[in-house]
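J.: Please work out how this folds:
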Amino acid sequence: MSTPAITVEEVTVHYGPVLALDHASFTLEPGRICGLIGMNGSGKSTLFKAIMGMADPDFGTVAINGGSTASARRTGVLGYVPQSEDVDWDFPLSVREVVMMGRYAHMGPLRLRRKADREAVDEALERVELTEYADRQIGQLSGGQKKRAFVARGIAQGATILLLDEPFAGVDKRTEATITRLLRELAAAGATVLVSTHDLHALPDLADEAILLMRRVLLQGDPQAVLQPENLALAFGLDVMNRGAAA
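T.: Residues are numbered from 1 along each chain as shown. Reported below is the predicted structural model:
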């Protein structure tokens, strides 16, 4: 039996008096895409930060390939595509430099760029269709292009576990299709992908499984089963069922 790519056990996180995660538990196996769904404030971003080691749980544990989150980050196994509002788009970095950050774990303490690093960045930029924008300041890109640049960073990094926090929010159809295709390719090659999204209609085409979150994991399983109205009502309220009936 293989070791799960991500293991979250009883993770609880508070921000002051606010309970953001409440004994959240789940596992993800290698080579799978899992969609993370829940209303705003359900703890999705906090869950990502806990997995990345950016939020300290009050209780519970996170394991990456059976080991620590710190080790996974240090070796480049774990990649993260943040929400747009978490990024300083005015910082004077080019698209190429942002993607090159994904190679830091491979460079050593002096961060000397080798031929292999440059080739990995060029290949990643090509896969997300941003080669012609490589030398442009990152903040000058469109919303969809910015998301693709951070996906390219994860590809260049060689991450085998990718976390994407709302990668489809505010993007054009081309970017959505490009990111979906890339995620499917990465999963087919053995990568594990956890992606939060509000696009419930597209979820069955994107993900192999889904997690329904409301501070704790309410349900994990096949996307079509998780998306049943009676299940969504647990996390989103009865109005979801009413809208579905009206449609």
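J.: got the end-to-end distance for stretch 52-72?
T.: End-to-end distance of stretch 52-72 (CA to CA, to the nearest Å): 9 Å.
J.: same check, this time on stretch 161-172
T.: Per CA to CA, stretch 161-172 runs 25 Å from first to last residue.
J.: can you give me the offset of it from its chain's centre?
T.: Its chain's average C-alpha position is 7 Å from that of stretch 161-172, according to CA atoms, centre = their mean, to the nearest Å.
J.: Next up, the contacts around the closest residue in space to R148 that isn't next to it in sequence.
T.: Using CB to CB, 6 or more residues apart in numbering and skipping the chain neighbours, the partner closest in space to R148 is V128 (4.0 Å). Just so you know, the C-beta spots here come from the backbone N, C-alpha and C atoms, and that holds for glycine as well. By CB atoms under 8 Å, 6 or more residues apart in numbering, V128 lies in contact with R148, A149, V151, A152, I155, T178, I179, L182.
J.: now that we have these, which one has the most neighbours?
T.: In terms of neighbours by other CB atoms under 10 Å, these top out with A152 at 30 neighbours.
J.: Need the per-residue pLDDT for it.
T.: As predicted, A152 sits at a pLDDT of 93.
J.: Please identify the nearest residue in space to it, excluding sequence neighbours.
T.: Excluding the flanking residues, the one nearest A152 by CB to CB, 6+ apart is A124, at 4.0 Å.
J.: Same check on F59?
T.: In space, F59 is closest to T12, 4.2 Å off (CB to CB, 6+ apart).
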